[in-house]
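Novice: Provided below for reference: sequence and predicted model.
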Amino acid sequence: MTLSSLTHVHEVAAALERADASARVLGARARAARDGAGPAAAFSALASAGPEGLVPAVGTGGALAARHLEQAALAAAATAGALPTDVVEALAHAAGASRAQAVGANALDPAGAARVVRREVAAVRGLAAHSMRRDETWEVMRLGTFLPRAAWMSALLLSCARVAASSPESADAVWLAAARVAGAQGDDLPVPGDVLLLLVTDGRAPISVAYSIEEVTSALFALSRQGAGDSALLALSRATAARLSNPSLRDLLTADAVLAMSEVLNAIGALAVVGVPGSGSGPRPRVTAA
């Protein structure tokens, strides 16, 4: 497998994750809008506090998710046979379906756009899981999924912490907005004060930072066993996972959420700039966060 092919495989997974993240926000904001002005206003505050695209402006989420799926489809077409043909074709279909939903009258239904994107992403991932060998390519796909997920969730939680610190009266609403993005709704919504700890340190939650970094570490270890890993990157990932489970981080999250999340995001950024493990020569591709 060439390094160029692995770069494209990684970008397929990262673009799928970016599309899924955008759709999670889109669906959560649509549910919040039905609950009243307070929850909906929290998403507007997060859109202003976070980096561009983290929480898309109202009316742009469906188009943004569609663009991410188009990027995934283009990257898949450039993998030179690294991905099964069925996966490449499924990505092309996903891009078309999401684009159709994001234009015209369909664009007026954000919940519908979210459902279409998440259904298409799940279909592609399921097909890949059932058709790909558990080799170097598969592990790079895992890296492309979970490292961007860890970075995206950390960036969202840092934005929540900043809004909560600057506007204490909005704190509960922004933490519940993050919980909605993670999939909680109705009676399943946690206590606002628990959301940060859950989404950073709870390794049982697939959307959490801790779970994502554990998956990154697992993929890097598998690559090392296949002779394609980077020992420095694996050590850094293990150190990041250990930091997330350290009680001192829990204490810092409670005492100063902005500082704690800045630290977590910096650690993930250090992982991201090391590169994607792979065979071949030449410069390492950079891992892109969602």
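Specialist: Thanks, I have it. Residues are numbered from 1 along each chain as shown.
Novice: only C-alpha atoms from now on, for both contacts and neighbour counts.
Specialist: Fine.
Novice: can you tell me which residues contact R162?
Specialist: Contacts for R162 (Cα atoms under 8 Å, 6 or more residues apart in numbering) come out as 49, 258.
Novice: element containing it, please.
Specialist: helix 136-166 (DSSP states H and E).
Novice: what's the next helix or strand after that helix packed up against?
Specialist: Downstream of helix 136-166, the next assigned helix or strand under DSSP H and E is helix 171-181. In terms of contacts (3 or more Cα pairs under 8 Å, 6 or more residues apart in numbering; DSSP states H and E), helix 171-181 is packed against helix 3-35, helix 37-49, helix 136-166, helix 192-201.
Novice: who wins for proximity to A184 among those?
Specialist: Nearest of the helices and strands packed on helix 171-181 to A184, taken as Cα to Cα: helix 3-35 at 8.9 Å.
Novice: pLDDT on the closest one, on average?
Specialist: The average pLDDT for helix 3-35 rounds to 90.
Novice: what angle do that helix and helix 136-166 make?
Specialist: 40 degrees (axes from the mean of the first three to the mean of the last three Cα atoms, to 10 degrees).
Novice: from the chain's centroid, how far away is the lowest-mean-pLDDT helix or strand in the chain?
Specialist: Least confident helix or strand of the chain, by mean pLDDT, DSSP states H and E, is helix 37-49 with a mean of 83. Distance of helix 37-49 from its chain centroid, counting by Cα atoms, centre = their mean, to the nearest Å, is 20 Å.
Novice: buried residues in it?
Specialist: 39-47, 49 (16 or more other Cα atoms under 10 Å).
Novice: dump it to CSV, restricted to CA.
Specialist: Extracted C-alpha coordinates of helix 37-49, given in CSV (Å, rounded to 0.1, in the frame of the first residue of the first chain):
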residue,chain,number,x,y,z
ALA,A,37,-36.0,29.4,22.5
GLY,A,38,-33.5,28.7,25.3
PRO,A,39,-32.0,25.5,23.9
ALA,A,40,-31.9,26.9,20.4
ALA,A,41,-30.2,30.0,21.6
ALA,A,42,-27.4,27.8,23.1
PHE,A,43,-26.5,26.6,19.6
SER,A,44,-26.3,30.1,18.3
ALA,A,45,-23.9,31.0,21.2
LEU,A,46,-21.8,28.0,20.4
ALA,A,47,-21.7,28.9,16.7
SER,A,48,-20.3,32.3,17.7
ALA,A,49,-17.8,30.9,20.2
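Novice: state the mean pLDDT of the helix or strand that it is followed by.
Specialist: Of the helices and strands lying after helix 37-49 in sequence (DSSP H and E), the nearest is helix 61-77. Taken as a whole, helix 61-77 carries a mean pLDDT of 94.
Novice: and helix 61-77, how far out from the chain's middle?
Specialist: Distance of helix 61-77 from the chain centroid (Cα atoms, centre = their mean) equals 14 Å.
Novice: next, work out how far apart T7 and E139 are.
Specialist: Going from T7 to E139 by Cα to Cα, to the nearest Å gives 12 Å.
Novice: mind putting the buried residues of helix 37-49 into CSV with distance to A161?
Specialist: Shown next, in CSV, are the buried residues of helix 37-49 (distance: Cα to Cα, whole Å):
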residue, distance to A161
P39, 16
A40, 17
A41, 16
A42, 12
F43, 13
S44, 15
A45, 11
L46, 10
A47, 13
A49, 10
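Novice: which among the residues you listed gets closest to E70?
Specialist: Taking those together and measuring to E70 by Cα to Cα, the closest member is A47, at 23.2 Å.
Novice: show me what contacts the closest one?
Specialist: Taking Cα under 8 Å, 6+ apart, we find A47 in contact with 53-57.
Novice: run the last query once more with 10 Å
Specialist: Each residue near A47 by Cα atoms under 10 Å, 6 or more residues apart in numbering is listed here: 41, 53-58, 156, 159.
Novice: can you pull the contacts of P51?
Specialist: Neighbouring residues of P51 by Cα under 10 Å, 6+ apart: 155-156, 159.
Novice: recalculate using a threshold of 7 Å.
Specialist: By Cα atoms under 7 Å, 6 or more residues apart in numbering, the contact set of P51 is empty.
Novice: how near is it to A219?
Specialist: P51 sits 28 Å away from A219, going by Cα to Cα.
Novice: how much space separates S262 from A161?
Specialist: Where A161 is concerned, S262 sits at a distance of 10 Å (Cα to Cα).
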